[in-house]
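Asks: task: produce atomic coordinates for the following.
(one chain, ligands or ions: 1)
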Amino acid sequence: MKNKINRLLIAGALTFSAQAVIAEEVVNVYNWSDYITPEVNEEFTAATGIKVVYDVFDSNEFLQSKLLAGGSGYDVVVPSSSFLARQIQAGVFQKLDKSKLSNIGNMWDVIEEQVAQFGPLNDYSVNYMWGTTGIGYNEDMINERMDNAPTSSLAMVFDPDVVSKFADCGVHLLDAPEEIIPAALSYLGEDPRTNDIDVIAKAEAVITAVRPYIQKFHSSQYIDALAAGDICLVVGWSGDIFMASDDADDGVSVVYSIPEEGALMWFDQLAIPKDSPNAENAHKYINWIMDPQQIANATNYVWYANGNLASQPLLDEELLNDPAVYPTPEVREGLYISPQYDNKAQRVVTRTWTKIKTGQ
Ligand code: N2P
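Replies: Reported below is the predicted structural model:
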């Protein structure tokens, strides 16, 4: 009897330590909200035994403050290219070990070339998804308030005579200074990528003039709010607006338009912080995401284009053929990439944004 109890205790201890070993196999991923289908992570765990601890954010600035503080504990993070370029310079990231990325050949050179404009990003990262920043609106609510509203122009949000008509149905702007300030400049016909602080000041004037009509600066709540008919207009991210359209309540029609004045085309990149606790697993995770079927499943779910050429035959045709998701070369001509601010312009942009938001 006693022996039996001992055996049970030993068996229990063994089970416990075996679990402890399994529990050590994790990858800590920090990605944008509403940007994946859960099966991608579940199937990764089923295939590798590595648990995915998945946290989300909705702001590059927020991610950056965690990375610069160090010791974030994350193994894989997803900054946008302009931010990633600065973070690489600040020494936050390790180079990818491409010998561990057997799926690297699936990536799309067109996107790699775009990303390379920001610096040696392809040594440190691979593309997750990319998209545009444009206008999302509720068709009926806009039509009720204005005949022939300029729905494909940034006048929708930056012309006080226009946006004031929509203030009562709810207008959101992204809380993303490095996207909204360039948008205001492109509305003015100025270079959206400028570092000239006198030109940046013109954006401040534009946004300040419409500030009374903006209900909120926020970068994720607009998905549900648009879908429920709680807001009627947003400057937001392409796939998020498609998602709102897809999820919309009965009778709610949500539309995305790429502004005719030009729109930002951004690239979100998978990268491994230098202090990643599980860099080996991080490489396995990134390689999994580069599997054409996995990233196709994610794109088919979130409606963002990805940088994986081999995934294209696996995408819903509706997505691949939609120029608002995969812009045609003509549409692409109207798109610009993020500004790269020097320190001075950066400080001005940050200060300007606080001033705009707080109204001081
Ligand atoms: C997904 C947000 C897209 C990321 N919800 C914008 N860089």
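Asks: enumerate every residue touching Val53.
Replies: Taking CB atoms under 8 Å, 6 or more residues apart in numbering as the criterion, Val53 is in contact with 26-29. In this view, the C-beta of every residue, glycine as well, is placed from N, C-alpha and C.
Asks: and if you look at Asn41?
Replies: Applying CB under 8 Å, 6+ apart, we find Asn41 in contact with 29, 52, 54.
Asks: now the strand or helix carrying the last one, how far from the centre of its chain.
Replies: Using DSSP states H and E, the secondary-structure element containing Tyr54 is strand 51-57. Distance of strand 51-57 from its chain centroid, counting by CA atoms, centre = their mean, to the nearest Å, is 15 Å.
Asks: that strand: what's the following helix or strand?
Replies: Beyond strand 51-57 in the direction of the C-terminus, DSSP H and E gives the next helix or strand as helix 60-69.
Asks: show me where the stretch 101-250 of the chain has its helices.
Replies: Chain-ordered helices for the stretch 101-250 of the chain, with DSSP state H, counting those that start in this stretch as the definition, fall at 109-116, 121-124, 139-145, 155-158, 160-163, 177-188, 197-210, 222-227, 238-247.
Asks: quick one: mean pLDDT for the last one?
Replies: Taken as a whole, helix 238-247 carries a mean pLDDT of 96.
Asks: who's in contact with it?
Replies: Outside helix 238-247, the residues within contact range by CB under 8 Å, 6+ apart are 34-35, 129, 131-134, 136, 220, 222-224, 226-227, 234, 253-256, 258, 302-304, 324-325.
Asks: am I right that Asn41 sits in a helix?
Replies: Yes. Note on Asn41: a helix contains this position according to DSSP: H, G, I helix; E, B strand; the rest coil.
Asks: and the gap between it and the ligand?
Replies: Going from Asn41 to the ligand by CB to the nearest ligand atom, to the nearest Å gives 16 Å.
Asks: next one: that residue, what pLDDT does it get?
Replies: As summarised for this prediction, Asn41 has a pLDDT of 98.
Asks: the one 3 residues further on now?
Replies: pLDDT, the model's per-residue confidence, is 98 for Phe44.
Asks: show the contacting residues for it.
Replies: Contacts of Phe44 by CB under 8 Å, 6+ apart are 50, 52, 285, 288, 294.
Asks: of the contacts of Asn41, which is the most crowded?
Replies: Among these, the one with the most neighbours (other CB atoms under 10 Å) is Val29, at 24 neighbours.
Asks: that residue and Pro273, how far apart?
Replies: 12 Å (CB to CB, to the nearest Å).
Asks: now for those two: what residues contact both?
Replies: By the contact definition CB under 8 Å, 6+ apart, Val29 and Pro273 are jointly contacted by 74-75, 77.
Asks: now, which of these lie within strands?
Replies: Cross-referencing these against strands under DSSP state E gives Val77.
Asks: that older thread, so of the contacts of Val53, which ones are in strands?
Replies: Assigned to strands by DSSP E, the following of the contacts of Val53 qualify: 26-29.
Asks: hmm, back to that, and the helices of the stretch 101-250 of the chain as JSON lines, adding mean neighbour count and distance to the ligand?
Replies: As requested, the helices of the stretch 101-250 of the chain are arranged in JSON lines below (neighbours: other CB atoms under 10 Å; distance: least, CB to the nearest ligand atom, whole Å):
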{"stretch": "helix 109-116", "mean neighbour count": "16", "distance to the ligand": "13"}
{"stretch": "helix 121-124", "mean neighbour count": "19", "distance to the ligand": "15"}
{"stretch": "helix 139-145", "mean neighbour count": "16", "distance to the ligand": "22"}
{"stretch": "helix 155-158", "mean neighbour count": "24", "distance to the ligand": "18"}
{"stretch": "helix 160-163", "mean neighbour count": "16", "distance to the ligand": "23"}
{"stretch": "helix 177-188", "mean neighbour count": "24", "distance to the ligand": "8"}
{"stretch": "helix 197-210", "mean neighbour count": "17", "distance to the ligand": "20"}
{"stretch": "helix 222-227", "mean neighbour count": "22", "distance to the ligand": "7"}
{"stretch": "helix 238-247", "mean neighbour count": "22", "distance to the ligand": "5"}
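Asks: dump those helices to TSV, plus distance to Leu84.
Replies: Rendered in TSV, the data for the helices of the stretch 101-250 of the chain read as follows (distance: least, CB to CB, whole Å):
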stretch	distance to Leu84
helix 109-116	9
helix 121-124	6
helix 139-145	36
helix 155-158	28
helix 160-163	33
helix 177-188	13
helix 197-210	22
helix 222-227	24
helix 238-247	19
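Asks: mind checking which of these is nearest Phe267?
Replies: The stretch from the helices of the stretch 101-250 of the chain with the least distance to Phe267 (CB to CB) is helix 109-116; that distance is 5.2 Å.
Asks: elements contacting that closest one?
Replies: Taking 3 or more CB pairs under 8 Å, 6 or more residues apart in numbering; DSSP states H and E as the contact definition, the neighbouring helices and strands of helix 109-116 are helix 121-124, strand 125-138, strand 263-271.
Asks: neighbouring contacts of it?
Replies: Outside helix 109-116, the residues that reach it (CB under 8 Å, 6+ apart) are 81, 121-122, 125, 127, 130, 265, 267, 269, 307, 309, 337.
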